[in-house]
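*Asks:* Sequence below, structure please.
(chains A and B)
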Amino acid sequence: GAVVSQHPSWVICKSGTSVKIECRSLDFQATTMFWYRQFPKQSLMLMATSNEGSKATYEQGVEKDKFLINHASLTLSTLTVTSAHPEDSSFYICSARDGTGGIQYFGAGTRLSVL
Amino acid sequence: QKEVEQNSGPLSVPEGAIASLNCTYSDRGSQSFFWYRQYSGKSPELIMSIYSNGDKEDGRFTAQLNKASQYVSLLIRDSQPSDSATYLCAVFFTGGGNKLTFGTGTQLKVEL
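*Replies:* Numbers count the residues shown, from 1 in each chain, chains lettered A, B, ... in the order given. Below is the predicted model of the structure:
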């Protein structure tokens, strides 16, 4: 299957700082990438859909000014959590779609802890 | 609202048994269906995709799709403790915002 690389896998930061998470499709071009958040023992929650070269589409209730998404190329999307607070601590997972068949491949996830 | 429903479980099966995981979806026009496995603390990984009615087999896994009844299932033969995980059903809805809709997942426990 296709490979999606996500970095960092784990980050600890102080409250008020910003954190950038990178998501790369290594062996395919991904016109669409997705960002999810998952709290312990809860379901995946889609935060936003990003299309290469255009603005991301955010799900209802997700603050676009807090979670900045950039999809500058067909293989790279970034999520920046701005002015992070302890309630932003979560498991953030990116996903990339290969072609139009609907298959989404997931990165390994980033565990964010905000102190 | 396009929905995907799964029993949250946990579903407990003895080692070596067949585990049967079920999923129903709301949109009759859906065309693409997927099963993902998620271990605790890890991200989802794709197990199977299925696009047409009937069965699709891959090793110990068999996906079954019945579009008329709007359900898709996953059978795991010879279940192993390493199969213990949460299994997510995902559907690509036609006109569903160009994204997969996930069920909440079924937790499977394979007991020794």
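
*Asks:* for the residue positioned nearest the centre of chain A, which residues make a bridge with it?
*Replies:* Nearest residue to the geometric centre of chain A (C-alpha atoms, centre = their mean): A:Trp35, 3.5 Å. Beta-bridge pairing of A:Trp35 under DSSP bridges involves A:Ala48, A:Cys94.

*Asks:* Run a quick check on it versus A:Thr80, I expect a contact.
*Replies:* No - with the criterion set as C-beta atoms under 8 Å, A:Trp35 and A:Thr80 do not qualify as a contacting pair; they are 10.8 Å apart. For the C-beta atoms, the positions are set from N, CA and C on the backbone; glycine is no exception.

*Asks:* Which neighbours do those two have in common?
*Replies:* The contact sets of A:Trp35 and A:Thr80 overlap at A:Phe67, A:Ile69 (C-beta atoms under 8 Å, 6 or more residues apart in numbering or on different chains).

*Asks:* Tell me where chain B has strands.
*Replies:* Chain-ordered strands for chain B, with DSSP state E as the definition, fall at B:4-5, B:11-14, B:19-25, B:32-38, B:45-50, B:54-58, B:61-66, B:71-76, B:85-92, B:100-102, B:106-111.

*Asks:* should've said chain A
*Replies:* Counting by DSSP E, residue ranges of the strands within chain A are A:4-7, A:10-13, A:19-25, A:32-38, A:45-51, A:57-58, A:67-73, A:76-81, A:90-97, A:104-106, A:110-114.

*Asks:* just checking, which of these sits deepest inside the structure?
*Replies:* Of all the strands of chain A, strand A:90-97 carries the top mean neighbour count, a mean of 25, counting by mean count of other C-beta atoms under 10 Å in any protein chain shown.

*Asks:* Can you tell me what sits against it?
*Replies:* Counting by C-beta under 8 Å, 6+ apart, the neighbours of strand A:90-97 from elsewhere in the structure are A:2, A:4, A:6, A:21, A:23, A:25, A:28, A:30-40, A:44, A:77, A:79, A:81, A:103-107, A:109-112, B:41, B:43-44.

*Asks:* Across the sheet, point out what pairs with A:Thr57.
*Replies:* Beta-bridge pairing for A:Thr57 (DSSP bridges): A:Thr49.

*Asks:* Name all residues that make contact with it.
*Replies:* The neighbourhood of A:Thr57, defined by C-beta under 8 Å, 6+ apart, consists of A:Ala48, A:Thr49, A:Ser50, A:Asn51, B:Gly97.

*Asks:* which one of the residues you listed is nearest A:Trp10?
*Replies:* A:Ala48 (21.8 Å; C-beta to C-beta).

*Asks:* The closest one contacts A:Asn70, doesn't it?
*Replies:* No - with contact taken as C-beta under 8 Å, A:Ala48 and A:Asn70 are classed as non-touching, separated by 11.1 Å.

*Asks:* Quick check: buried residues in the lowest-mean-pLDDT helix or strand in chain B?
*Replies:* Of all regular secondary-structure elements in chain B, judged by mean pLDDT, DSSP states H and E, the least confident is strand B:100-102 with a mean of 90. Of the residues in strand B:100-102, those with enough neighbours to count as buried (16 or more other C-beta atoms under 10 Å in any protein chain shown) are B:Leu100, B:Thr101, B:Phe102.
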